[in-house]
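> sequence and predicted structure are below.
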Amino acid sequence: MAYKCFNCQREIDAKNVERRVICPYCGSRIISKSRPPVIKKVKAR
Ligand SMILES: [Zn+2]
């Protein structure tokens, strides 16, 4: 699971936010879960 700081927009490792979700860079508590971009492969027929 990847997290993203809402304040500084930096990605945070999930290991750093096991319990307390605090941005290690700016100390913001507003963290949003960011999903990795889904790559859809369309098969050409
Ligand atoms: Zn931050």
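Thanks, I have the structure now.

> does residue 7 sit in a helix, a strand or a coil?
In three-state terms, and counting by DSSP: H, G, I helix; E, B strand; the rest coil, residue 7 is coil.

> list the contacts for residue 10?
Residues near residue 10 by Cβ atoms under 8 Å, 6 or more residues apart in numbering: 4, 23, 25, 26. Where you see a C-beta, it was placed from the backbone N, CA and C, and this is true even at glycine.

> what does the pLDDT read for the spatially closest residue to the second one that is not a sequence neighbour?
Nearest-residue entry for residue 23: residue 5, 4.1 Å, with adjacent residues in sequence omitted and distances by Cβ to Cβ, 6 or more residues apart in numbering. Per-residue confidence for residue 5 comes out at a pLDDT of 90.

> please apply the same query to the one 3 residues further on.
On pLDDT, residue 8 comes in at 94.

> looking at the contacts of residue 10, which is nearest residue 35?
Closest approach to residue 35 among those (Cβ to Cβ): residue 4, at 9.6 Å.

> partners of the helix or strand of the chain at the bottom of the mean pLDDT ranking, with directions?
Between all helices and strands in the chain, the lowest mean by mean pLDDT, DSSP states H and E belongs to strand 31-34, at a mean of 80. Strand pairing for strand 31-34, determined by DSSP bridges: strand 2-5 (antiparallel).

> is the partner strand in proximity to the ion?
Yes - residues of strand 2-5 are located near the ion by Cβ under 5 Å from the ion, namely residue 5.

> does the residue nearest to residue 23 touch residue 27 like I think?
No - at 9.5 Å, residue 5 and residue 27 do not qualify as touching, with contact defined as Cβ atoms under 8 Å.

> more neighbours, the two?
Just comparing residue 5 and residue 27: by other Cβ atoms under 10 Å the higher neighbour count belongs to residue 5, 23 against 10.
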